[in-house]
Structures are given as C-alpha cells and as structure tokens.
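Asker: Sequence first, then the predicted structure, then my questions.
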Amino acid sequence: MIIGIPKEIKDQESRVAAVPAAVSDLVKHGIEVLIEKGAGLGSGISDKDYEDVGAKIIDSAKEVWERADMIYKVKEPLEEEYKYLREGLIIYAYLHLAGNEKLVDELIKRKVTAIGFETVQKGNKLPLLQPMSEIAGRMAVQEGARYLTKPEGGRGILLQGVPGVRPANVVIVGAGTVGTAATRIAVGMGARVTVLDINVDALTKLHNIFPDKIETLYSNPINIDEAVSGADLVISTVLIPGARAPQLVREDTVKNMKEGSVVVDVAIDQGGSTDITQGRPTSHSHPVFKEYGVTFYAVANIPGAVAMTSTYALSNATTVYAKAIGEEGLKGAIEKFPELKSGINTYDGKVVIKSVAKDTKHELCELNL
C-alpha cells in the first residue's frame, strides 16, 4: 500500500500526521510513504529528516493525493481538497463529521472510506483522541487566562490572584480527559475551580485527585446556570463520541455573565457546546469573538498551536493502526485491531456509524467489508 501524507492547509495548522520514527517503521514494513514537500516544517521536521528514513518527498499535494491508497493526515479535508477525493481512497484523520454535513456528502458521493481518529473506541476509551484532548484541556486554561487580561478585552483578572485578592472563578463543564487536564492546570495556577458532570464516578475521581482544591457539582440546567453565571472563565468540554456536542451553556446564562468573562469551547470540532458558539468556529488567526460582553474562544484545532508537542503525541497514538492498514489492508487491520472498526465513518458510499448518520440525517448502513 502507498500512504500519502499531505501538508495541512487548515488555518495555522502546523501539525503533521507522522514523525520520522513512525515513517521509518512504515517503510521497514514494506509500505511506500509519500510526503508533500514541507509538510513537517511547522513541527520542526525537515524534508531531509523524512528522506533519511526512506520516505519520498513529493512537490505537490495533487500528486500525493492521486498516488496514495491511503491519505494519513491530521485534520479533515477542506473544500479545496474535495477535488482529490475518489472511490476506493482511504482517509485516516480527525474528521468530526457530525458537524460537517457537506464533507459527509462528498465522502458518500465519491465512495471514500473515511476513518476518524475521534471515533476509534477501545473499551470506554478513545485512544486516538486522548492525546489531543490532554493538550486541548491544558491549553484551554492557558488561553482563557490570556483573554481574561485587560489588553485582550478581559476583566483584568490574574487567574491565581495574589495574597489578599481573590483568584479567578473557573468553571469546567465536563470531567472527561479534557476536563481533567483543564482542572489540573487551573488548580495548579491557583484558581477557584468548579467541575460539573453527570458522571458521579468521574467527579469522585477528580475530587480524590484534588481534595479540598475543587468543588464538584452534578451537571443539570440549574447548576450549570448558577455556576456559569458567576464564572470568570468557563471551559466547556462536553463530548459524546462521534456525535454533535450538546449545547449545555445557554444564551440566557451567558447574558448573566460578567462583562469581560471568557468562555473556551473545546467541543467546537463537534459543532460547539454553547448556544453562542454553535456553528461558529474560530481560528488561530482570529481566535475570539464577543457576545453580550463575553469573549468566546472557539478555535477548532487548539493543539495545532503547539505543533511540535502535538505532532509527536499524535503520531505515537495513530501510527500503529496506519501500519496495520498499510500491511494488512483495512479488513486485515480490523481482524488484528477490532477497535479500528468503530473508526470507520463512511464506506462505499454509505454512512456506517450511528452518531454521524443521526446528526447528519443520513441513512445508517451496515459495514460490509
């Protein structure tokens, strides 16, 4: 099999799908790897680094897409890349199709096999989403703290406060991987932290990790409204694997927030988890907008800002499946790694994953390899 790694074209997306060590592993197992010229530069990886481990550097994205049997990339194909989609092509990337009906239609029309990192599920874990969730959770607090400063239009609050002055009130909606990472950073910076979730076991785990450092609340409309209304910084992290994010932070609640408060919506890839951010992703070039005096940060590729860290973390998690597909083909890879089946979103012109079919109003078809 030929695996192609194109350069990412999403705004300020500096990650690349695989690092040289991963490419070396693919090549040693008989897989031909084509890499678009300059694909790794944003992550500090030169073309020579790839050539030294056996990859072939290709001058154009067009040639990479046309020659490859599988495209291995970070983010979903953008409209400029739709022309490269074709029957029989495998795309292996973060897809987030529940919030992108146009891409779903293109994948179906062109009979592309689309494997989403974010829906590969092993037990109750999402192993290919987890490393980026860890990074996004950490960065959410970092970015939120930045936009609380006065020069960025915030309230002028230092997250940790100082002796004699209250720290910022940080509310984290969701106690999963992103929420836990955000909690760790917010607590470490000395903020007052409240975490909400419907999973009492997850709240108990956080409470045991950070005894006397956080407040936990069961997530319901009343508690969310009360907590968010009084927050300086809200980190919304709600995730339903493969599905659109539920809008838990309501517009009426935002209206009650203090002028200069900040909301970071980490679930924007899945459509957004607040009434205000729903369908309104931002970018690293233009990361925020304001509504009702509140700053909303809704960047759809948060980990792209720390590309060197993110690329290595992502490659560590995803290459094992890329190698299996390259060696064994898709059917053989699924026999070896059954969890890979849950990653297949579209196949042979059909939607084969329930969450995407429901949210994009497509017929759910059985996967038949």
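Answerer: Yep, that arrived.
Asker: Quick one: the helices in the stretch 151-300 of the chain, in order.
Answerer: Taking DSSP state H, counting those that start in this stretch to define them, one finds helices in the stretch 151-300 of the chain at 177-188, 200-209, 221-229, 251-255.
Asker: between the second one and helix 177-188, what angle do the directions make?
Answerer: Okay, so that is helix 200-209. Orientation check (axes from the mean of the first three to the mean of the last three C-alpha atoms, to 10 degrees): helix 200-209 against helix 177-188 gives 30 degrees.
Asker: in helix 200-209, what counts as buried?
Answerer: Residues of helix 200-209 classed as buried by neighbour count (16 or more other C-beta atoms under 10 Å): 202-203, 206-207. Quick note: C-beta positions are derived from backbone N, CA and C, even for glycine.
Asker: that's a helix at Val33, yeah?
Answerer: No: under the criterion used here (DSSP: H, G, I helix; E, B strand; the rest coil), Val33 is strand, not part of a helix.
Asker: How is the chain divided into domains?
Answerer: Following automatic domain parsing, the chain resolves into domains at 2-126+307-360, 130-305.
Asker: can the ones you listed go into JSON lines with extra columns for distance to Leu367 and mean pLDDT?
Answerer: Below are these laid out as JSON lines (distance: least, C-beta to C-beta, whole Å; pLDDT from 0 to 100):
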{"stretch": "domain 2-126+307-360", "distance to Leu367": "4", "mean pLDDT": "97"}
{"stretch": "domain 130-305", "distance to Leu367": "14", "mean pLDDT": "96"}
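Asker: Compare those and give me the one nearest Leu369.
Answerer: domain 2-126+307-360 (4.7 Å; C-beta to C-beta).
Asker: Endpoints of that closest one, how far apart?
Answerer: Using C-alpha to C-alpha, to the nearest Å, one end of domain 2-126+307-360 lies 31 Å from the other.
Asker: now swap in stretch 228-238 and tell me
Answerer: For stretch 228-238, the first and last residues are 14 Å from each other (C-alpha to C-alpha).
Asker: Would you mark the buried spots in it?
Answerer: 228-229, 231-238.
Asker: coming back round to it: dump the helices of the stretch 151-300 of the chain into a markdown table; add distance to Thr318 as well.
Answerer: Output for the helices of the stretch 151-300 of the chain, formatted as a markdown table (distance: least, C-beta to C-beta, whole Å):
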| stretch | distance to Thr318 |
| --- | --- |
| helix 177-188 | 16 |
| helix 200-209 | 25 |
| helix 221-229 | 34 |
| helix 251-255 | 36 |
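Asker: Can you tell me which of these is nearest to Leu103?
Answerer: Taking the helices of the stretch 151-300 of the chain one by one with C-beta to C-beta, helix 177-188 is closest: 23.2 Å.
Asker: from the chain's centre, how far out does the lengthiest helix in the chain sit?
Answerer: Taking DSSP state H as the criterion, the chain has its longest helix at helix 307-336. Remark: helix 307-336 is offset 17 Å from the chain centroid, using C-alpha atoms, centre = their mean, to the nearest Å.
Asker: ok, and the closest non-adjacent residue to Ile198?
Answerer: Using C-beta to C-beta, 6 or more residues apart in numbering and skipping residues adjacent in sequence, the residue nearest Ile198 is Ser219, 4.8 Å away.
Asker: Buried residues in stretch 183-197, which are they?
Answerer: Buried-residue list, stretch 183-197, by 16+ other C-beta under 10 Å: 183-187, 189, 191-197.
Asker: Gly349: how many residues sit nearby?
Answerer: Here the count is done by other C-beta atoms under 10 Å, and Gly349 has 13 residues near it.
Asker: give me every residue that touches it.
Answerer: Contact analysis of Gly349 by C-beta atoms under 8 Å, 6 or more residues apart in numbering lists 108-109, 111.
Asker: Show me just the buried residues among those.
Answerer: By 16+ other C-beta under 10 Å, the contacts of Gly349 give 108, 111 as buried.
Asker: any idea which of the contacts of Gly349 is closest to Tyr50?
Answerer: Distance to Tyr50, by C-beta to C-beta, is smallest for Lys111 among these, at 30.3 Å.
Asker: Could you tell me which residues make contact with the closest one?
Answerer: 87-88, 348-349.
Asker: What of Pro303?
Answerer: Pro303 touches 15, 132, 135-136, 139, 309-310, 314, counting by C-beta under 8 Å, 6+ apart.
Asker: Max pairwise distance over those: which two?
Answerer: Between all members of those, the farthest pair (by C-beta to C-beta) comes out as Met139 and Leu314, at 14.5 Å.
Asker: Tell me how many other residues crowd the nearest residue to Gly326 once chain neighbours are set aside.
Answerer: Spatial nearest neighbour of Gly326, chain neighbours left out: Ile31 (3.8 Å); criterion: C-beta to C-beta, 6+ apart. Burial of Ile31 is recorded as 20 neighbouring residues (other C-beta under 10 Å).
Asker: show me the contacts for Ile31.
Answerer: Ile31 touches 1-3, 323, 326-327, counting by C-beta under 8 Å, 6+ apart.
Asker: And it, how far from Asp69?
Answerer: 10 Å (C-beta to C-beta, to the nearest Å).
Asker: Equivalent analysis for Gly144, please.
Answerer: 42 Å.
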